[in-house]
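[1] give me coordinates for this.
(chains A and B)
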Amino acid sequence: MDREKPFAITLDAGSSRANKTGDWRTERPVYVDLLPPCNQACPAGQDIQRWLYHAESGDYEPAWRRIMADNPFPAVLGRICFAPCESACNRGQLDEAVGINSVERFLGDEAIERGWTVAVEGDPSGKHVLVVGAGPAGLSAAYHLARLGHLVTVRDAEALPGGMMRYGIPRYRLPRDVLDAEIARIRDLGVVFEQRSKVADAAAAMADGGFDAVFLGVGAQLGRRAYIPAGDSARVLEAVSVLHGVESGERPLLGRRVVVYGGGDTAMDAARTARRLGAADSLVVYRRTRARMSAHPAEVGEAVEEGITFRWLSTVTHVDRGGVTVEKMRLDDTGFPQPTGELEDLAADSVLLALGQDSDLSLVDGLAGIGRADGGVEVDRAMMTGREGVFAGGDMVPATRTATAAIGHGARAARSIDAWLRGSARAEREPRPLATFDKLNTWYYSDADATVRPHLDLSRRVSTFDEVVGGLDESTALFEARRCLSCGNCFGCDNCYGVCPDNAVVKLEPGERYEIDLDYCKGCGICVQECPCGAIEMVPED
Amino acid sequence: MQSVKFYQTGSFAVGNRLLGPEDRSVQSDRQRINSIDCGHRACRGCGEALGARYALDAAMRATRNRVVAVNATGCLEVFSTPYPETSWRIPWLHSLFGNAPAVATGVAAAMKVKGREDVRVVAQGGDGGTVDIGFACLSGMFERDDDVLYLCYDNEAYMNTGVQRSGATPPAARTTTTPATGPAPGARFGQGKNVPMIAMAHEIPYVATATVAELRDLEAKVQRAMEFRGARYLHILVPCPLGWGSAAHDTIRIARLAKESGLFPVFEAERGEVVGVSKIRRRVPVADYLRPQARFAHLFGAEPRTDVLARIQAIADRNIRRFGLCDEE
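    Below is the predicted model of the structure:
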């Protein structure tokens, strides 16, 4: 200021930074983390977007560890999960959903191949938890409890652990070495398995073993019977028993012509297994239409490819030696099947019933306070039954009966049991708002068709139990992961940093995202509008 | 344009954490120059402030920070340099409304005399100072092939003085001098004054158009322009929320719609010949572009002016044919 100024100059030059244009603002941008639809739809509660984010960079191990925080079975679920995440995926509205399930499988297989393991993370509690049932719910509960620092004993009626994953799902969908590898990881955490050790009376088991808590996950093992008049020597079997028998090494004599009665996934498994056991003719009889089958469409499609035939709108009314009588049905206005009286005889060497399963709940008869509902036991949000310290999950509680849901139950129950045993309240996370499709600016995502998983040749499919659906290789898995739109969660695309006319977005260290410099942000909202993934919102100034 | 396979590598976004440093945009760089700094007094959502930073930061990178900028009078000059404050972090000269190309020519000549081949000259102005008032100087600069890159930030009217019609104002647009009244409201349908095409007719080394909606394309064009010596011209569409009556947050979206409708063809030409066009990715009718702008509101009243919309659509369709903006279907 004291320096003499040139002619006609009265003020020193200064930077416009002295002009805090942020005071023009009436609303400000705020970075948010919304709930991606895949995450919301996942019955196992997986943070899918987060692990895809790691996978996109080729950081497969951190991606796998993020999965393992919620789900101990990525290689298994990467094969058998019906992927509600993909049905919910926003990308499905753009072109095709991200192949989340195939990336999950790739990561799971990668972990098995490279021998990645997990460790106990919680402090040893000295508490001992009994898990009844070594199916997906029980194994998931045992896994999480062990990682949280508890002693866990699993008791199961079968020779090998796995429950319905082993005894209900055929090998051509889930190779056993994959299942064994993921179960071995749970065993390595110190979980004690007591196989061929059916718990008939939960109260007695708890009292005898001195357990501090118990998780029940006995599943739904009893094939539902329907009354079907049958003549002499009619060969009527339950589909679940047949699948169980095949897994235990039996070769049931089903004959050349097999009729499967039912329209769920078990019906598909039974019909496709029958074909592999040598049935030339494997026919599914279902009383409604294909669109109303509860079996997953992909499985129905694979069955059709394998030459399984279908008779929709039909019921089995009578079974006799060498044949069945079916009645044609029609759907009434409510979509319920009604009989028409039109009968037809079909040749059949055996009939497999796949009409649903029930849980054997006799083990809780001795426990007071446990409520029953919908053929299962009642639990609260913490998966605790009406009796303190007794938790339950999986197919034996009223819910969607899938392995993924059971794994989610096990995880939820384990966290509740941990809180209960340690005497702390389990913190319920505030649900994040959903990242809906309209929040995205899809302009920035370039077009990329979904990657298709390879399928085994048909001739080998119908004659062996080899795995039908192949996995992705590294390049296709990476491509698929990168198709993720990162709904509602910043993925570091620099768009906000680039599009601000006032240079008011500050780019932080790599991976640290961005900050708004409120001294200069005029609140124009371009960053919000142009954020590809909807991770910025405008909020009014006070 | 960068070829794109899928969004995380080869992105339409400004940056991408997975890209190698050589593929990153200038604007994604944490150390970018920010040629025009914070605290400038442009309106909220100003397209011109954005366009100027994009272009000059790219020119700075292309010349290793050896740029002198000459600025015509207009919004950009007024909002960035109210004495004694300045937003410019580069050597910067303000002359008059109409003579920026001539002054830039002089600077380039001075640099030549001093033997400073490393220092490059950029001139810039709005459409008023370029298309109308400075046009004679600009044409002279082209004709003499002076070593200047001229950047025109086109917001389609004289915004600084209160939204008066310029030679770049599109037909039917409402400005304060072309009000939305009478049987033919807004600017009249003329023959047009297409300065990029006029620049091409001068057969100068490089002419291109760009929008603030396609950053990578814009940066690539500045980079390319700096590879030539002689007169070069880059015409950048910069939506003006105030003059166009659009939402501040829509500046980039509207620039994108201008291109995707075909009304603003994005192309580049060398020595008078078109050598590349940016194809339309998701074609939209011109109404989608016009509707969010209050300057065209009179076309969408209770009785929509479908006749006027059809004439504007015909202009877009002609552009698409003329420049081959859509791939054969």
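
[2] per-residue pLDDT of A:V452, please?
    Predicted confidence (pLDDT) for A:V452: 86.

[3] element containing A:E250, please.
    If you go by DSSP states H and E, A:E250 is not part of any helix or strand.

[4] tally of neighbours for it?
    Applying other Cβ atoms under 10 Å in any protein chain shown, we find 11 other residues in the vicinity of A:E250. Placement of C-beta: from N, CA and C, glycine included.

[5] show me where chain A dips below the pLDDT cut-off.
    By pLDDT under 70, the low-scoring segments of chain A are A:1-3, A:232-234.

[6] biggest strand in it by residues?
    strand A:337-347 (DSSP state E).

[7] can you list contacts of that one?
    The contact list for strand A:337-347 (Cβ atoms under 8 Å, 6 or more residues apart in numbering or on different chains) reads A:257, A:259, A:281, A:283, A:287-288, A:311, A:313, A:315, A:317, A:322-332.

[8] try stretch A:439-449
    For stretch A:439-449, using Cβ under 8 Å, 6+ apart, the contacting residues are A:34, A:90-91, A:94-96, A:479, A:482-483, A:485, A:487-488, A:493, A:495, A:529-534, B:4-7, B:10-13, B:256, B:282.

[9] before we move on, back to that, so which of the contacts of strand A:337-347 are also by chain B?
    Subset of those in contact with chain B: empty, counting by Cβ under 8 Å from any Cβ of the partner chain.

[10] just the buried members of those residues?
    A:257, A:259, A:281, A:283, A:287-288, A:311, A:313, A:315, A:323-329 (16 or more other Cβ atoms under 10 Å in any protein chain shown).

[11] please enumerate the strands of chain B.
    Taking DSSP E, the strands of chain B run over residues B:67-71, B:85-86, B:92-94, B:120-126, B:148-154, B:206-211, B:232-237, B:267-270, B:273-277.

[12] packing partners for the shortest one?
    Meaning strand B:85-86. Under the contact criterion of 3 or more Cβ pairs under 8 Å, 6 or more residues apart in numbering or on different chains; DSSP states H and E, strand B:85-86 touches strand A:14-15.

[13] can you list the strands that the strand it packs on pairs with?
    strand B:85-86 (parallel) (DSSP bridges).

[14] restricted to strands, list the buried ones among the contacts of strand A:337-347.
    Short answer: those in strands (DSSP E) are A:257, A:259, A:281, A:283, A:311, A:315, A:323-329.

[15] quick one on the thing from earlier: now which of the contacts of stretch A:439-449 would you call buried?
    Those of the contacts of stretch A:439-449 that meet the buried threshold are A:34, A:90-91, A:94, A:96, A:479, A:482-483, A:485, A:487-488, A:493, A:495, A:529-534, B:4, B:6-7, B:10-13, B:256, by 16+ other Cβ under 10 Å.

[16] who's in contact with stretch A:323-330?
    A:259, A:285, A:287-288, A:311, A:313-319, A:337-348, A:351.

[17] got CSV for the strands of chain B, with distance to A:D23 too?
    Formatted as CSV, the strands of chain B follow (distance: least, Cβ to Cβ, whole Å):
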stretch, distance to A:D23
strand B:67-71, 26
strand B:85-86, 16
strand B:92-94, 26
strand B:120-126, 27
strand B:148-154, 26
strand B:206-211, 30
strand B:232-237, 29
strand B:267-270, 41
strand B:273-277, 43
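
[18] could you export these as JSON lines, including mean neighbour count, mean pLDDT and distance to B:L290?
    JSON lines is the format used below for these (neighbours: other Cβ atoms under 10 Å in any protein chain shown; pLDDT from 0 to 100; distance: least, Cβ to Cβ, whole Å):
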{"stretch": "strand B:67-71", "mean neighbour count": "24", "mean pLDDT": "98", "distance to B:L290": "31"}
{"stretch": "strand B:85-86", "mean neighbour count": "19", "mean pLDDT": "94", "distance to B:L290": "37"}
{"stretch": "strand B:92-94", "mean neighbour count": "19", "mean pLDDT": "96", "distance to B:L290": "34"}
{"stretch": "strand B:120-126", "mean neighbour count": "29", "mean pLDDT": "98", "distance to B:L290": "21"}
{"stretch": "strand B:148-154", "mean neighbour count": "28", "mean pLDDT": "98", "distance to B:L290": "17"}
{"stretch": "strand B:206-211", "mean neighbour count": "28", "mean pLDDT": "98", "distance to B:L290": "16"}
{"stretch": "strand B:232-237", "mean neighbour count": "27", "mean pLDDT": "98", "distance to B:L290": "14"}
{"stretch": "strand B:267-270", "mean neighbour count": "20", "mean pLDDT": "98", "distance to B:L290": "22"}
{"stretch": "strand B:273-277", "mean neighbour count": "15", "mean pLDDT": "97", "distance to B:L290": "22"}
